[in-house]
Each structure stands twice: as structure tokens, then as C-alpha cells.
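Chemist: Predicted model and sequence follow; I will ask about them next.
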Amino acid sequence: MQKNTRKEHGFTLIELLIVMVILGLLAALVGPRMFGKVGASKQKTAKAQISLFETAIDSYRLEVGKFPTTEQGLKALRIRPDDVEEKKWMGPYLPKEIPLDPWENPYVYRCPSEHGDYEIISYGSDGQPGGEDENTDIVSWKNIGR
């Protein structure tokens, strides 16, 4: 009779448990730091999108002679409003459809505004006016782009 000379190689249950505990500890330490930055990055994204809207609105005004009204909204940057002459409107002023804000809510556009000619607002993660931290409103009149 021949003896089996091959050894079975593998991990023991204890070794697997130790690795799982180490991975769990790493996730507990690193996870909150990474997820804490998600809110700040969404706010930066909203500010960047609002800045792009401002540039497109300024181009619209230069060619059409006025800002889009509240009723026309940001859609006037993609589709010529009925009351704008075809020869003046040189759009679309945005290359793609108007995106939702980073929290999947539509941007609010007002013209005229209490804060200038117009304002563009993202109400933050709660989608409601006001708020703090991730719920803070991102508004064009506080944006550096203007």
C-alpha cells in the first residue's frame, strides 16, 4: 500500500476569521472618512454645474439680449423659446440635456431674482430650502463664478 505523500494546503478556520476581523477593522476605520467626503464632493459638483449654467446663460443674454425668464427656465439654453427670434438664438448653449443636481433634484432657476438678474439654486441633499452641512443650499449668487 502506498502512502499519500501530498499535503493538503489551505487556510484554517482561525486564519480566515483573523483576516475577516482585520478587514472589518480597516473598513470601520477608513469607511467613515471616505463617506464623509462624498457630501463635500457633491457640493463641489453642484457649484461646478451652476458655474457652467451661468456661462451658458451669459452667452444666451449676449445673443438674445435678455435672460431667460423663470417660466422659460434653464430649458431655454437647449430649446429656443417661442418668444425669441430664430435669428438671435444661436443655441443650444449647453451640449447635453440639463442635468439634475448631484442629489437627483432639478435645479431651480429664477429671473428676476432678489439677488441679482437671476439665480440658480440646488437645495442640497434634503431638496428643501435652508439647511446645514449636506443640506446647505448651493446658490449662484454665492458662487465664485459670478
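Modeler: All right, it came through fine. Residues are numbered from 1 along each chain as shown.

Chemist: who's in contact with the most centrally placed residue in the chain?
Modeler: The centroid of the chain falls nearest to P102 when counting by C-alpha atoms, centre = their mean (2.7 Å). By C-beta atoms under 8 Å, 6 or more residues apart in numbering, the contact set of P102 is K42, Q43, T45, A46, S122. Any C-beta I mention is one placed from the backbone N, CA and C, and that applies to glycine too.

Chemist: list the contacts for the residue nearest to L77 when sequence neighbours are not counted?
Modeler: Here the nearest residue to L77 in space, its sequence neighbours aside, is Y93; by C-beta to C-beta, 6 or more residues apart in numbering that works out to 4.3 Å. Contact analysis of Y93 by C-beta under 8 Å, 6+ apart lists A56, I57, S59, Y60, L77, R78.

Chemist: could you flag which of these are buried?
Modeler: The neighbour-count test (16 or more other C-beta atoms under 10 Å) applied to those identifies A56, I57, Y60, L77 as buried.

Chemist: Okay, and which of those map to strands?
Modeler: Applying DSSP state E to the buried ones among the contacts of Y93, no entry is found in strands.

Chemist: Looking at those, which one is closest to L23?
Modeler: Closest approach to L23 among those (C-beta to C-beta): A56, at 46.5 Å.

Chemist: from the chain's centre, how far out does the helix-or-strand element of the chain with minimal mean pLDDT sit?
Modeler: Least confident element among the helices and strands of the chain, by mean pLDDT, DSSP states H and E: helix 13-64 (a mean of 84). Averaging C-alpha positions (C-alpha atoms, centre = their mean, to the nearest Å) puts helix 13-64 9 Å from its chain's average.
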